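Participant: Quick check, what structure comes out for this input:
(2 chains)
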There are 2 protein chains.
Amino acid sequence: MQTSSDDATAFKTIPFTWPKGYKSDGVHAGLRQDKKDMGWIYSEVPAQAAGTYTTNQFQAAPTKLTKKLINQDHQLQAVIMNSANANSVTGDQGDKDAIKTTQLVADKLNIDQNLVGVASTGVIGEPLPMDIITKGIEQLKLTDNHDVTSAILTTDKHPKTVSTQVQIFGKTVTISGFCKGSGMIHPNMATMLGFVLTDASVASGLLQPMLSQEVDKTFNQITVDGDTSTNDMVVTMANGEADNQELTTDSPDYPAFVQAFNYVLSTLAQDIAADGEGSTKLVEVNVKNAANSDDGQKVAKAIVGSNLVKTAIFGQDANWGRIIAAIGQTNAKVDLNHTSIWLNDLALVKNSASAHFDEAVMKQALAQDKITILVDLNVGDATGQAWGCDLTYSYVRINASYRS
Amino acid sequence: MQTSSDDATAFKTIPFTWPKGYKSDGVHAGLRQDKKDMGWIYSEVPAQAAGTYTTNQFQAAPTKLTKKLINQDHQLQAVIMNSANANSVTGDQGDKDAIKTTQLVADKLNIDQNLVGVASTGVIGEPLPMDIITKGIEQLKLTDNHDVTSAILTTDKHPKTVSTQVQIFGKTVTISGFCKGSGMIHPNMATMLGFVLTDASVASGLLQPMLSQEVDKTFNQITVDGDTSTNDMVVTMANGEADNQELTTDSPDYPAFVQAFNYVLSTLAQDIAADGEGSTKLVEVNVKNAANSDDGQKVAKAIVGSNLVKTAIFGQDANWGRIIAAIGQTNAKVDLNHTSIWLNDLALVKNSASAHFDEAVMKQALAQDKITILVDLNVGDATGQAWGCDLTYSYVRINASYRS
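Facilitator: Have a look, this model is predicted:
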């Protein structure tokens, strides 16, 4: 995350809000005991759309369907969502249920079924209870409330939302994102549900490459437990209701738009990492002087992904040998004698040996809610960044009993 | 593990013993509070030797030195070992200390220093206290006791040993192995210390390829936490004291020897997995009908390596969706609609859908100490196998406080 709301005047963060022309709702349909479990987002006009999807070979029915629809016309007008049931590994019936769900939504909204995406999250392998889904869709309204951001949660502790505004050709454009996901969070997209809505008017063909590129730097650089879900996706929609002159990659404001978009994705990604199942700390790893950015990203991710590093951080133990071991496990180019590491700006390792730090001071640093690890590989000038969390008793408790 | 002591008459298991011509000892030198922490093995004559070593880029000083010595002359006569300090990421001083350690042993045993290997395990990044090492070596004797098998332990709950005997050209040959390792156990060798000694006379050049091949099927297929140590190695020695006619790959008894050798490695590997830090259960995964054995091994290892599968097994929850998700995370060829899974011989998933099992019966199966998962990928006729353990509160406790 090189950008922030403090940077120059590129963009500003605002309280969470729907961009112009979007409506939404979230309800309790009955998939969960008493929490909200279904929701939707709707654009008053068809919006350009792009998506990134899980790389798990067992892609869930809703993921396959939404991917197919977006790749067909690069447009969406609504997305229906549910938690508690992933409609994954549910065979032909699962595909039929996903299609039927979008049909019910299209009928209710009186729009083309090909403009309705669907996203599900929850337990794998159980058929979607279509009677409950049907009742849920009957309840949904077109409102300004943010209830959908709760309705998609599973083991998350709280909704994850962010809004930014940026000027495009003199018009104020809003970019708002929300997401869920605190387990099964790992590499290679998407391992969670994320939605980024904007009222910007953007040139056709701009959205997909920008989303793919920024997801690689953000969502694909977080890890909670190394497991990649069958279901998850990040979908972005741009409906043009901000009435700006169409944005192209050549527009003078394009860099600011990308910066704001990256900020939304990066904030959501960090929120997911910080809310990782059972976590008590957000861990950010920054790698500098890598041979290339692939190496930088790989090393950053190896560190946040190591169970041994994660438990040491939970135990507030400055066990730098585990960080070194995690770096050495990758095939990234490293300077074996001149690797240095800082933890919350305190020198931990200097030239591949202990920096002879004050254990008490380091322990205090490790007591903080956010741990930032900086690694200097000393072999080039590329960087990398990743986010994760500590591994705790609660992670084990949550996951030893999630299904039942 | 296709072989066992019940198989035909290929080999038999016997109580742990040193093969002919080997001596050993283990002592408390003072690296640990009061447990044994140093030991050695010694062959009365120089033995042929082979080794496999960690793939971690930050290879520890003792690992680098032992690898260099073995690759030089393919011979060893002694190996000195210590726990509590890994002599890893200790810079030039670490290299000097490893060399000095082998010098002290060579002097005491009056053998060539190039015939002395060294193996260390423990905390990374702290200089080896050479005064203690020196005192330890002074105490070591040439005995028949098995104390070295305790002296190399760190967080292991108990020593791991196995002995087999096999007939080679009418002579009884003994193969004995011991190892340590219960954390930082993962792919790509060696992630633990393992030693396999035999009194067989073997042709030169036979040992290394056999060891590498069998380690790939055994030690490299266990995982406890996905972290690969900087230190660890498997070393094998064959001193010829059984006085058999020299074994070559063409010898009629070669398959029996390999079978016995595989049994030793496989038993040790499973012992490590079962004794994984904080574990309560051994998990064995067998994959059948894979497109090729790489795919089979990959899928087996992905399942035993998944934190979500591991926590579900700890929670005795038949959460097969997590097994499916782990399979789908690999790039192995799978039949998305005809993947089937059994747990301790009970059908869990049939053709990529729930096998509608009895939850109570399945829960009972999951209460056992050993969980065997069988996966049918339905795309070929190759197999794969891997071992791991569950992920528990104790794993977190052990690793949140190991260094301090």
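Participant: what residue of chain A is the furthest out?
Facilitator: residue A:356 (37.4 Å; Cα atoms, centre = their mean).
Participant: okay, that one: pLDDT?
Facilitator: Per-residue pLDDT puts residue A:356 at 90.
Participant: Next, it: secondary structure please.
Facilitator: Three-state call for residue A:356 (DSSP: H, G, I helix; E, B strand; the rest coil): coil.
Participant: Could you check how far it is from chain B?
Facilitator: 11 Å (Cβ to the nearest Cβ, to the nearest Å). The way it works is simple: take the backbone N, C-alpha and C, and place the C-beta from them, glycine included.
Participant: what's the answer for residue A:180, then?
Facilitator: 17 Å.
Participant: Might one say that that residue is in contact with residue A:84?
Facilitator: No - between residue A:180 and residue A:84 there is no contact, the gap being 11.7 Å when judged by Cβ atoms under 8 Å.
Participant: Counting neighbours, go ahead and name the busier of those two.
Facilitator: Legend: neighbour count by other Cβ atoms under 10 Å in any protein chain shown for residue A:180 and residue A:84, higher for residue A:180 (27 against 23).
Participant: circling back to that earlier point, shared neighbours of residue A:180 and residue A:84, which are they?
Facilitator: Here residue A:180 and residue A:84 have residue A:154 as joint contacts, going by Cβ atoms under 8 Å, 6 or more residues apart in numbering or on different chains.
Participant: which regions of chain A sit below the pLDDT cut-off?
Facilitator: Counting by pLDDT under 70, chain A contains low-confidence residues at A:1-9, A:182-191, A:223-229, A:401-404.
Participant: With residue A:175 as the reference, measure out to residue A:165.
Facilitator: 8 Å (Cβ to Cβ, to the nearest Å).
Participant: joint contacts of the two?
Facilitator: With Cβ under 8 Å, 6+ apart, residue A:165 and residue A:175 have common neighbours residue A:260.
Participant: Between those two, tell me which one has more neighbours.
Facilitator: Set side by side, residue A:165 and residue A:175 show more neighbours around residue A:175, with 26 against 17, by other Cβ under 10 Å.
Participant: For that one, list the residues it contacts.
Facilitator: Applying Cβ under 8 Å, 6+ apart, the residues near residue A:175 are A:19, A:163-166, A:196-198, A:200, A:257, A:260-261, A:264.
Participant: now residue A:199
Facilitator: A:19-22, A:173-174, A:238-242.
Participant: In strands, which of the residues you listed appear?
Facilitator: Members of the contacts of residue A:199 lying in strands (criterion: DSSP state E): A:22, A:173-174, A:238.
Participant: ok, so what distance separates residue A:110 from residue B:316?
Facilitator: 49 Å.
Participant: before we move on, what about residue A:257?
Facilitator: Distance from residue A:257 to residue B:316, by Cβ to Cβ: 51 Å.
Participant: so which of the contacts of residue A:175 comes closest to chain B?
Facilitator: Set against chain B, the nearest of those by Cβ to the nearest Cβ is residue A:196 (25.0 Å).
Participant: a strand runs through the closest one, doesn't it?
Facilitator: Yes - counting by three-state DSSP, residue A:196 is part of a strand.
Participant: And the residue of the stretch 101-250 of chain A that's closest to chain B?
Facilitator: Closest point on the stretch 101-250 of chain A to chain B, by Cβ to the nearest Cβ, is residue A:124, at 2.5 Å.
Participant: Not counting sequence-adjacent ones, nearest residue to that residue?
Facilitator: residue B:321 (2.5 Å; Cβ to Cβ, 6 or more residues apart in numbering or on different chains).
Participant: Residue A:242 too?
Facilitator: Using Cβ to Cβ, 6+ apart, the nearest residue to residue A:242 is residue A:199, at 3.9 Å.
Participant: how does chain A divide into domains?
Facilitator: Chain A breaks down into these domains under automatic domain parsing: A:12-274, A:282-400.
Participant: In TSV: those, plus distance to residue B:278.
Facilitator: Supplementary listing: those in TSV, determined by distance: least, Cβ to Cβ, whole Å:
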stretch	distance to residue B:278
domain A:12-274	16
domain A:282-400	9
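Participant: Could you list the buried residues of the helix ranked longest in chain A?
Facilitator: Scanning chain A for the helix with the most residues, using DSSP state H, yields helix A:254-274. Buried residues in helix A:254-274, counting neighbours by 16 or more other Cβ atoms under 10 Å in any protein chain shown, are found at A:254, A:256-274.
Participant: again, but for stretch A:389-404
Facilitator: A:389-400, A:402-403.
Participant: Show me how far it is from its chain's centre.
Facilitator: 20 Å (Cα atoms, centre = their mean, to the nearest Å).
Participant: counting contacts, what elements does the helix or strand containing residue A:138 pack onto?
Facilitator: Using DSSP states H and E, residue A:138 sits in helix A:130-139. The contact analysis (3 or more Cβ pairs under 8 Å, 6 or more residues apart in numbering or on different chains; DSSP states H and E) places helix A:130-139 against strand A:38-53, strand A:75-82, helix A:91-109.
Participant: in that helix, what counts as buried?
Facilitator: Within helix A:130-139, the residues scored as buried using 16+ other Cβ under 10 Å are A:132-133, A:136-137.
Participant: Can you tell me how far the residue nearest to residue A:242 is from residue B:304?
Facilitator: Note on residue A:199: its distance to residue B:304, by Cβ to Cβ, is 48 Å.
Participant: for residue A:397, same thing?
Facilitator: Taken as Cβ to Cβ, the span from residue A:397 to residue B:304 is 21 Å.
Participant: again, but for residue A:333
Facilitator: 30 Å.
Participant: quick one: stretch A:79-99 to chain centroid distance?
Facilitator: Worked out by Cα atoms, centre = their mean, stretch A:79-99 lies 21 Å from the chain centre.
Participant: tell me which residues of it are tucked away?
Facilitator: A:79-91, A:94-95, A:97-99.
Participant: which of those residues are close to chain B?
Facilitator: Taking Cβ under 8 Å from any Cβ of the partner chain as the test, chain B is in contact with A:86, A:88-91 out of the buried residues of stretch A:79-99.
Participant: can you list these in JSON lines and add distance to residue A:295?
Facilitator: Output for those, formatted as JSON lines (distance: Cβ to Cβ, whole Å):
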{"residue": "A:86", "distance to residue A:295": "34"}
{"residue": "A:88", "distance to residue A:295": "34"}
{"residue": "A:89", "distance to residue A:295": "35"}
{"residue": "A:90", "distance to residue A:295": "40"}
{"residue": "A:91", "distance to residue A:295": "41"}
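Participant: Which pair of the residues you listed spans the longest distance?
Facilitator: A:86 and A:91 (13.3 Å; Cβ to Cβ).
Participant: Nearest to residue A:344 among the buried residues of helix A:130-139?
Facilitator: residue A:136 (45.1 Å).
Participant: Just say helix, strand or coil for the residue nearest to residue A:28 when sequence neighbours are not counted.
Facilitator: Residue nearest to residue A:28 in three dimensions, not counting chain neighbours: residue A:36, with 5.1 Å by Cβ to Cβ, 6+ apart. Under three-state DSSP, the three-state class of residue A:36 is coil.
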